[in-house]
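Peer 1: no letters, just coordinates:
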């Protein structure tokens, strides 16, 4: 089953994936979708490993521009940009990139092992998650907004509400009615996330930099600083492992992708951290959490796809098509019909992990020099990338308008210290939350019993309650400890 | 100054206006030639093949196969473009607004092209499209969970009759395919059942398998494996004859339930596309569906070919629009 060509194919896919993921606007979904048809005619032991490589590479690759130029290559690396770019701005770009690689590989490995060992039992639990359970999960994810709101929680909430409102634009998911589209056909599909993300993160940053102009020519350490030391890496293992577990669990649920998992694991890591104030300012734990969270999703998303033939997101849906084109019908009979092939794919997944370390280190060696490019050259180039990226998501010039609007709004938000991540998270979660909520109420016939009469939903409800009360208690404590010193001053 | 005077005299003598008008004329005639050429040489650039549903469904699967084998039959690459949203409305509206030059094709179906424009206010009309070629069709298969309190169509209808509104089924979109066959069943049997719209076949079957709903109706390629594995029970197929890959499942009309819905997948172009281009496209698809690689891939996804060219497909489509009007009326 295993040939040299299989390994070469997986490696080539990985490289192609890293490249596509690193280009803002070219998403992992698109990479897999575009390349999948070509694999239909190639031998199965070449085609599928190639696609698996692309998938994995693209999710990792997205973190490179997120760190180097504050432009998430894919939506899944938006959380990485926060701490990753903050660190890069301090001249520690190599450290940021290596931390991201370390966490990615570790999470991927753990998630792959879970896929190999317990795919079937985990899938049968995951499939029991119906609309009510998803509502609670989405609500839980929304509480993560508190973690990325900066110093002022009210400002964070304000930004989140703006995101929720933006998400309302488009066709009503259930009845198909147009909402706030003003007759614009392009708005019927809603506000496209990736162009908005590029605008808000990258373009607004460029505007801020342009405004600073030559007054503050930041000169950063030319070689990108020191890399990740063993001591630092060891210290990051617990947070990476926890985030991997979160990513794996969420990935196994059909419907929750890497772009949501990265925020949940980031938020959770901040809550558990002893030094949460360092998050957002270049925290290594923050980078690890975000990257472990999104990379763990990749192998885990294959679980429902392989066991039930249910694709969790668009990428696995395309992979499902590729499997089917090779007479491998994912679903209940897959493991019975072609066990040898499936387990050799698992071996390929482990192998690509090792290759990822090599390719990643190679990429870092060259990417860290990006900070040596004078801002006068770098920022115009990134601006071009923003436009090209926004256009290429859907080949739509309207998305360029969304990107520009996102850039201007993002610039305004930075000016008045309104945090951007809450808006992004809310926009990301809102449509899923709305769908799940309305479906639950249709299932229950309009009563709210459905949220506590089902065992998994009840468990989630209790967890959500505990999490929210913890948050409030912490905030209250924080305020008390803050007010004490001022009292002393008054006395 | 001297130059200006020269220019002035040239103008008076009519040289400049002549030059301008001849440039204009040349430009116009050149563009006229270009239009003539583009029909003659069609296609001279890649063709966009728009799928209006998210990837992973049967539509995108077929689209991937079609676009992969297309190039030799059209002389230009065919690019698969996936523009999902609003249950197909976004992609279809985009094609309806595209230039009618044959470079933008819609991969359509009966719900988005003939049913929904009749019952909903959409940004496009039925007549905004011209049928080019039908690739194939498939019926829906009514299925129930293995542990559902009914195992045949008769028992399911009886259950719905005895327990009004207790039968919850997975649906796709309002006026979608699954939605419509269940509406027809409810109307024809006078029962009430509750559908939950999950937005597409993928999430719909997920919720059925996960035990959140009791029944569903969908493409044979989606449900067949779950029936074989024992997770689902097949009840009947919405066609006048059994489906080749599931020969044991009886047609619904044979069981006394007059629910027939054939879901075709076909190619359409914006209205006002020149006839020669439509003919060229139709002829291209007629050859494409005979391609060996195409046939192998199509069968590997449990599908088949039922080709109809522009003329036949147009007639079938016109008749279907009437049938859909009747269906829409019976659902009221």
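Peer 2: Sure thing, it's come through. Everything numeric here is computed off the predicted structure, so don't read it as measured data.

Peer 1: in the chain, where is pLDDT below threshold?
Peer 2: Just so you know, I chose chain A. Applying pLDDT under 70 to chain A flags residues A:1-2, A:37, A:175-176, A:213-224, A:312, A:314, A:371, A:394-395, A:482-491.

Peer 1: can you look at chain B instead?
Peer 2: If you take pLDDT under 70 as the line, chain B has these spans: B:1-38, B:54-57, B:85, B:332.

Peer 1: residue contacts, the residue positioned nearest the centre of chain A?
Peer 2: With distances taken as Cα atoms, centre = their mean, residue A:76 lies nearest the centre of chain A, 2.2 Å away. With contact set as Cβ atoms under 8 Å, 6 or more residues apart in numbering or on different chains, residue A:76 has these partners: A:28, A:59, A:62, A:257, A:258, A:259, A:261, A:262, A:294, A:297. C-beta coordinates here come from the backbone N, C-alpha and C atoms, glycine included.

Peer 1: can you rerun that using 7 Å?
Peer 2: A:59, A:62, A:258, A:259, A:262, A:294 (Cβ atoms under 7 Å, 6 or more residues apart in numbering or on different chains).

Peer 1: got it, and residue A:95?
Peer 2: A:87, A:225, A:226, A:227, A:228.

Peer 1: hey, what's the residue nearest in space to the middle of chain B bridged with?
Peer 2: Residue closest to the average C-alpha location in chain B (Cα atoms, centre = their mean): residue B:108, at 1.9 Å. Here residue B:108 sits in beta bridges with residue B:266, going by DSSP bridges.

Peer 1: that one contacts residue B:268, doesn't it?
Peer 2: Yes: using Cβ atoms under 7 Å, residue B:108 is in contact with residue B:268, at 4.7 Å.

Peer 1: overlap in contacts of the two?
Peer 2: Contact criterion Cβ under 7 Å, 6+ apart; residues shared by residue B:108 and residue B:268: residue B:129.

Peer 1: quick one, strands of the stretch 151-300 of chain B?
Peer 2: Using DSSP state E, counting those that start in this stretch, the strands found in the stretch 151-300 of chain B span residues B:168-171, B:194-197, B:215-218, B:232-237, B:262-270.

Peer 1: may I see these organised as CSV, with mean neighbour count and distance to residue A:345 added?
Peer 2: Below are those laid out as CSV (neighbours: other Cβ atoms under 10 Å in any protein chain shown; distance: least, Cβ to Cβ, whole Å):
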stretch, mean neighbour count, distance to residue A:345
strand B:168-171, 26, 30
strand B:194-197, 22, 34
strand B:215-218, 28, 27
strand B:232-237, 24, 26
strand B:262-270, 22, 30
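
Peer 1: so which of these comes closest to residue B:306?
Peer 2: strand B:262-270 (7.9 Å; Cβ to Cβ).

Peer 1: next, count neighbours for whichever residue of the stretch 351-491 of chain A sits closest to chain B.
Peer 2: Relative to chain B, the nearest point of the stretch 351-491 of chain A is residue A:442 (4.6 Å; Cβ to the nearest Cβ). Residue A:442 is flanked by 19 other residues according to other Cβ atoms under 10 Å in any protein chain shown.

Peer 1: pull the contacting residues for it.
Peer 2: Residue A:442 touches residue B:196, counting by Cβ under 7 Å, 6+ apart.

Peer 1: where does it fall, secondary structure wise?
Peer 2: In the assignment (DSSP states H and E), residue A:442 maps to helix A:421-444.

Peer 1: and the next helix or strand past that helix?
Peer 2: Downstream of helix A:421-444 (by DSSP H and E), the next one is helix A:455-490.

Peer 1: that following helix packs against which elements?
Peer 2: helix A:131-142 (3 or more Cβ pairs under 7 Å, 6 or more residues apart in numbering or on different chains; DSSP states H and E).

Peer 1: against which helices or strands is the lengthiest strand in chain B packed?
Peer 2: Longest strand in chain B, counting residues (DSSP state E): strand B:129-139. With contacts taken as 3+ Cβ pairs under 7 Å, 6+ apart, strand B:129-139 sits against strand B:262-270, helix B:275-288, helix B:310-331.

Peer 1: most neighbours per residue, which of the ones you listed?
Peer 2: Looking across the helices and strands packed on strand B:129-139 with neighbours counted as mean count of other Cβ atoms under 10 Å in any protein chain shown, the highest average goes to strand B:262-270: a mean of 22.

Peer 1: give me the contact list for that one.
Peer 2: Under Cβ under 7 Å, 6+ apart, the answer for strand B:262-270 is B:59, B:62, B:95-96, B:98, B:100, B:102, B:104-110, B:113, B:128-140, B:177, B:239, B:278, B:281, B:285, B:313.

Peer 1: just give me how far that strand sits from the chain centre.
Peer 2: 4 Å (Cα atoms, centre = their mean, to the nearest Å).

Peer 1: can you list the residues of the stretch 101-250 of chain A near chain B?
Peer 2: Neighbours of chain B within the stretch 101-250 of chain A, by Cβ under 7 Å from any Cβ of the partner chain: A:127-131, A:171, A:173-176, A:185, A:188-190.

Peer 1: switch the cut-off to 8 Å
Peer 2: Residues of the stretch 101-250 of chain A lying close to chain B (Cβ under 8 Å from any Cβ of the partner chain) are A:127-131, A:170-171, A:173-176, A:183, A:185, A:188-190.

Peer 1: quick one: which two of those are the most distant?
Peer 2: Longest distance between any two of those is 42.1 Å, between A:128 and A:183; criterion Cβ to Cβ.

Peer 1: when the two are compared, which one has more neighbours?
Peer 2: Higher neighbour count among residue A:128 and residue A:183: residue A:128, with 15 against 8, using other Cβ under 10 Å.

Peer 1: still on that earlier bit, neighbour-wise, which one of the contacts of residue A:95 leads?
Peer 2: Neighbour-wise, these (other Cβ under 10 Å) top out at residue A:87, 25 neighbours.

Peer 1: that residue reaches residue A:96, doesn't it?
Peer 2: Yes: taking Cβ atoms under 8 Å as the definition, residue A:87 is a contact partner of residue A:96 at 4.1 Å.

Peer 1: and chain B, what are its domains?
Peer 2: The record assigns chain B these domain ranges, following automatic domain parsing: B:45-136+B:264-330, B:141-255.

Peer 1: okay if I get those as TSV plus distance to residue A:279?
Peer 2: Converted to TSV, those look like this (distance: least, Cβ to Cβ, whole Å):
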stretch	distance to residue A:279
domain B:45-136+B:264-330	34
domain B:141-255	34
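
Peer 1: report how many residues lie close to residue A:329.
Peer 2: 21.

Peer 1: ok, the nearest residue to it once chain neighbours are set aside - contacts?
Peer 2: Computed as Cβ to Cβ, 6 or more residues apart in numbering or on different chains, the closest residue to residue A:329 that is not its neighbour in sequence is residue B:225, at 5.6 Å. For residue B:225, the contact set (Cβ under 8 Å, 6+ apart) comprises A:309, A:329, A:331, A:332, A:333.

Peer 1: show the buried residues in those residues.
Peer 2: The neighbour count (16 or more other Cβ atoms under 10 Å in any protein chain shown) marks A:309, A:329, A:331, A:332 as buried among the contacts of residue B:225.
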